[in-house]
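what would the 3D arrangement of this be:
(3 chains)
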Amino acid sequence: MPDNLLDNLNPEQREAVQYLDKPLLVLAGAGSGKTRVLIYKIAHLLQKGLVKPQEILAVTFTNKAANEMRQRAELLVESQITGMWIGTFHSICARILRKEANHIGHSRNFTIYDVDDQIKQIQRIMEFLNIDQKIVKPRQVQYVISKNKNKLKNAPDFEKAATNFIDQKIANVFWEYEAALSRNNAFDFDDLLIKPLDLFTQNENILTKYQDSLKYILVDEYQDTNRAQYHFIKMLSAKHRRICVVGDEDQSIYRWRGADIENILSFEQDFPDCKIIRLEQNYRSTQTILNAANSLVAKNQQRLGKYLWSEKEVGEQIRIIPAPSEVGEARHILKIISEMQSLGTYTLNDIAVLYRTNAQSRAIEDQLRRSKTPYKLVGGTKFYERKEIKDILAYLKLLVNPNDSVSLRRVINFPTRGIGEISIQHIENFGREKEITLYDAVMDAETIPQLSTAAKGSLKHFVDQIENFRVKISQITAYELAQEVIETFNLRSQYQHSDMFEDKARFENVNELLNSIAIFTETNADDNASLEVYLQEVSLLTDIDYWDPENNAVTLMTLHSAKGLEFPIIIITGMEDGLFPISRALENDQDLEEERRLFYVGMTRAKDHLFLLWAQRRFGFQNSEYGMAYKNVPSRFLKEIPEGYIVRPYSVQTGQEWDRNDGSNHRQTDIDFYYEDKFITLDEPLLDYSIYSVGQWVVHDDFGKGQILGIGKSGNGTKLTILFARNQLKKIIAEYANIQIVD
DNA sequence: CAGACAAGGCTTTTT
DNA sequence: GCCTTGTCTG
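Now for the predicted structure:
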């Protein structure tokens, strides 16, 4: 164990590590070594023998960060750290609920519902309550319920506040929803945070137990805590008050999820005797990048304020690059990648492409694939949300928790066993009458008069199979069980002999899932290797937890996912008003400030080079029209960066600017422009599956000359959106109309 | 009751 | 534009 543990820290970091007995707020700017402080603090506490590992509660933002933190602390103290409470709020709360479930009417084998499960449950309730799902949308109901639970408002609270018809309906669903989850022995994501609060409030002895045993509390990314999380740590630290929160109000980007920036802004009021330490030296970015980011975020009103400085070199200017379209933007990314690689100091791992919305990845992926550039995509369709994976997990969840009616409904006729929607209705009605769970109703299928003999036989067989497996849970490993379940119910073989590309991918995904269960079984000690723990942990994993920084490839992800990471080269795409900042945030200052913080987070991920790209036209939804290309205006944030830090290319737009409201026949010329003294031509067709391309001029028999604004499919035909003279916007099927391309 | 096809809705960001 | 959902047909 090294005695000079603290020598690697700067004075402020060292002070933060050694300040132990009172509440501490560390305001840590981007790249100022806050993770370092947390790791050294854990190591320091353990090395001095001040606390035992199981007496530390350390909350991180991702599971991945938790693992890394533990491993790096282990390196410092030169021994294994076991038993420490480290993880995300959600995983720590799940751990507590597992231990204490019986005190709040659940058992430890509870199921965790994701948004998809929640919506399924809500739909069933709405069917039961005869609420028209076209008028009140289940997705909306889920959103409202979650939003309220986030604010610690329960069904009675919501009902009291409900004034209009729709809210009253939602209130009814809210009540039923809570009852259903309770019957199902299930928690949703919000419950994981709320239920421990109920537990602590209702059982003072349990609260005391945790207050006494968790002697030191550390919270990372404090600016992104919500009300429930705030109460959670406040309750636990109330007695000993040995709490250290680390955060940066300028990086608060989860307001939409209930995060309350007030939690960090008002920490001083909550803990009047607290100490505040500012970490303002940035070790990550060049002075140019840092100064530009500082200037940007200084436009925000809601902040405590700090000014980051760096001893790193001035570095290259930030490059702003306009592209004609999202395809052009993607091609610029290729150019940047090859230019950066030609410097000889960077690998593909050093490059990340960031964007505001997941949908933007498509065009970029497309170009990367064509140029055979390896890339890794974070986010999008998450692994555990894929149908084939959810099917298998639903079987496993049902085995562990037969009360879970959402999972039961998912698998009761998959693979098909002749139990259709009508039969399920009969079973449900029966269960409701007898006040028994859906699974118990299925077990009693024999006595349900409305069911056909075939259905009864099929259900009997199904129940026998499930019961058989339930006995095995305690006898064989989670991996063996999953394997047998997959074999028995044909959950893999049905994808095996298919020629379809999707099925091949599904087959591989099933193998990958089995692999992950195998790893879990191997790496966890007996009592923690149970199927129930696996299922609960897996529900809380996110895509970033799988991101492999080693595997040599460019990383693609949302700006949100990039939080906490750093790369030598950052390319931020879609710097357009309406996309970033996103249109919905333009309406109020608070949302706009959050967008600005998000941009700040993106900029400060960069160590050496920063590129900001925008597309003059972009396909996709905009102005509530889909599949259309619209002219974009560069992001207002670009103007907020002082000119000295940026370099803009010279665009050779010889013609007038493109304007879809202008019926005149000028040709689009923004395909070509100068960039850093080089003349770049993007002369490949934008969409190579069609002889048509966006921007092309065509002649139509009736409408005359027009310009193609959008290309799409309609059945087997090609649907063209064309702007003709006198502002006539027409959608035309190319194969039926007589369209000539004008050169 | 299951598969095929058409219409409708929808995108911020995620535990 | 895409994906999910609903409806029609065998």
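
residue contacts, the residue of the stretch 451-600 of chain A found nearest DNA strand C?
Closest approach between the stretch 451-600 of chain A and DNA strand C, counting by Cβ to the nearest atom of the strand: residue A:502, at 10.5 Å. For every residue, glycine as well, the C-beta is placed using N, CA and C. Residues near residue A:502 by Cβ atoms under 8 Å, 6 or more residues apart in numbering: none.

secondary structure class for residue A:373?
Judged by DSSP: H, G, I helix; E, B strand; the rest coil, the three-state class of residue A:373 is coil.

can you tell me how far the residue of the stretch 451-600 of chain A closest to DNA strand C is from residue A:637?
Going from residue A:502 to residue A:637 by Cβ to Cβ, to the nearest Å gives 39 Å.

cool, residue A:116 as well?
Using Cβ to Cβ, we find residue A:116 at a distance of 34 Å from residue A:637.

neighbour-wise, which of those two wins?
residue A:637 (23 against 13; other Cβ atoms under 10 Å).

I figured that one hits residue A:582, correct?
No. Applying Cβ atoms under 8 Å as the test, residue A:637 and residue A:582 come out as separate, 11.7 Å apart.

so what sits against both of those two?
The contact sets of residue A:637 and residue A:582 overlap at residue A:595 (Cβ under 8 Å, 6+ apart).

quickly check: stretch A:574-586 near DNA strand B or not.
Yes. Remark: stretch A:574-586 sits within contact range of DNA strand B at A:582, A:584, A:585, by Cβ under 7 Å from any atom of the strand.

among those residues, name the buried ones.
A:582, A:585 (16 or more other Cβ atoms under 10 Å).

now tabulate the residues of stretch A:574-586 next to DNA strand B in TSV and tack on pLDDT and distance to residue A:397.
As requested, those are arranged in TSV below (pLDDT from 0 to 100; distance: Cβ to Cβ, whole Å):
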residue	pLDDT	distance to residue A:397
A:582	87	35
A:584	81	35
A:585	85	37
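
of the residues of stretch A:574-586 next to DNA strand B, closest to residue A:214?
residue A:585 (37.9 Å; Cβ to Cβ).

what helix or strand does the closest residue to the closest one other than its chain neighbours sit in?
Closest residue to residue A:585 apart from its sequence neighbours, by Cβ to Cβ, 6 or more residues apart in numbering: residue A:591 at 3.7 Å. Assigning secondary structure by DSSP states H and E places residue A:591 in helix A:589-603.

parallel or antiparallel, list what pairs with the helix or strand following that helix.
Sequence-wise, the next helix or strand downstream of helix A:589-603 (DSSP H and E) is strand A:606-615. In the sheet, strand A:606-615 lines up against strand A:318-323 (parallel), strand A:567-572 (parallel) (DSSP bridges).

same list (the ones you listed) but as TSV, adding mean pLDDT and distance to residue A:75.
TSV is the format used below for those (pLDDT from 0 to 100; distance: least, Cβ to Cβ, whole Å):
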stretch	mean pLDDT	distance to residue A:75
strand A:318-323	88	35
strand A:567-572	96	23
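
for those, which one ends up most surrounded?
Among the strands paired with strand A:606-615, strand A:567-572 has the highest mean neighbour count (mean count of other Cβ atoms under 10 Å), at a mean of 24.

flag the shaky bits of the stretch 1-150 of chain A, pLDDT-wise.
A:1-3 (pLDDT under 70).

residue of it nearest DNA strand C, please.
Ranked by Cβ to the nearest atom of the strand, the top residue of the stretch 1-150 of chain A for proximity to DNA strand C is residue A:133, at 6.2 Å.
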